[in-house]
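*Asks:* From the sequence below, what's the structure:
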Amino acid sequence: MLRGAHAISLDTKGRLAIPTRFRDSLRDECDGVLICTIDISNPCLLLYPLAEWEQIEKKLRALSSTNLQERRLQRLLLGHAAECELDAQGRFLIPGPLRQHAGLDKKIMLVGQLNKFEIWNETRWQQQISDDLQALPGEGWESSERLRDFAL
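*Replies:* Numbering: from 1, shown residues only. All right, here's what the predicted structure looks like:
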């Protein structure tokens, strides 16, 4: 499980070091091969272990290339998808266009989301959390059937 929010610094070459606690499992699960692409809903990146990304690709392949909305989604996700491989120190390079899309600079947040990570600019992440905390109580849990019975 990929979970937790981790403050990380990008090095001068744009490399991100995966926290030690995830490195071995990522090497075992996907031979250290990850896929990084844009998030179409938020100003962040999505980082998938290869096996998880392959499930996304199956769903994208099933979409129609003649339906404009479906084609846009394919173009955005697949067109930005970059294969990244962990080096011996557990780092990988985030390509420049992806760093630019998410506004990544030295301070970033790597946020576990069960089957993937989100990669955020630290300032944007803090703002997103603030926005989420303010919005959630006002939205009403009852508006979602799945959340209606959710309890902590």
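*Asks:* Quick check: I129 vs T123, distance?
*Replies:* 11 Å (CB to CB, to the nearest Å). C-betas here are computed from N, CA, C, even on glycine.
*Asks:* Identify the residue nearest L104 in space, chain neighbours excluded?
*Replies:* N121 (5.5 Å; CB to CB, 6 or more residues apart in numbering).
*Asks:* For V33, list the residues it contacts.
*Replies:* V33 makes contact with 49-50, 83-86, according to CB atoms under 8 Å, 6 or more residues apart in numbering.
*Asks:* beta partners of it?
*Replies:* E85 (DSSP bridges).
*Asks:* what pLDDT does it get?
*Replies:* V33 is assigned 97 on the pLDDT scale.
*Asks:* Okay, L86 and R99: tell me how far apart.
*Replies:* Taken as CB to CB, the span from L86 to R99 is 18 Å.
*Asks:* returning to what we had before: bridge partners for the residue nearest to L104, pull those for me.
*Replies:* I108.
*Asks:* Next: A17.
*Replies:* Going by DSSP bridges, A17 forms beta bridges with R91.
*Asks:* Kindly give a single PyMOL line that selects the buried subset of the contacts of V33.
*Replies:* Selection of buried members from the contacts of V33 for PyMOL, criterion 16 or more other CB atoms under 10 Å:
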select buried, resi 49+50+84+86
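*Asks:* from the contacts of V33, which single one is nearest Q134?
*Replies:* P49 (32.5 Å; CB to CB).
*Asks:* how about the residue lying closest to that closest one once chain neighbours are set aside, what does it touch?
*Replies:* Once flanking residues are discounted, P49 sits nearest to C30: 4.1 Å by CB to CB, 6+ apart. With contact taken as CB under 8 Å, 6+ apart, C30 is in contact with 49-51.
*Asks:* Nearest the geometric middle of this protein, what residue?
*Replies:* L46 (2.0 Å; CA atoms, centre = their mean).
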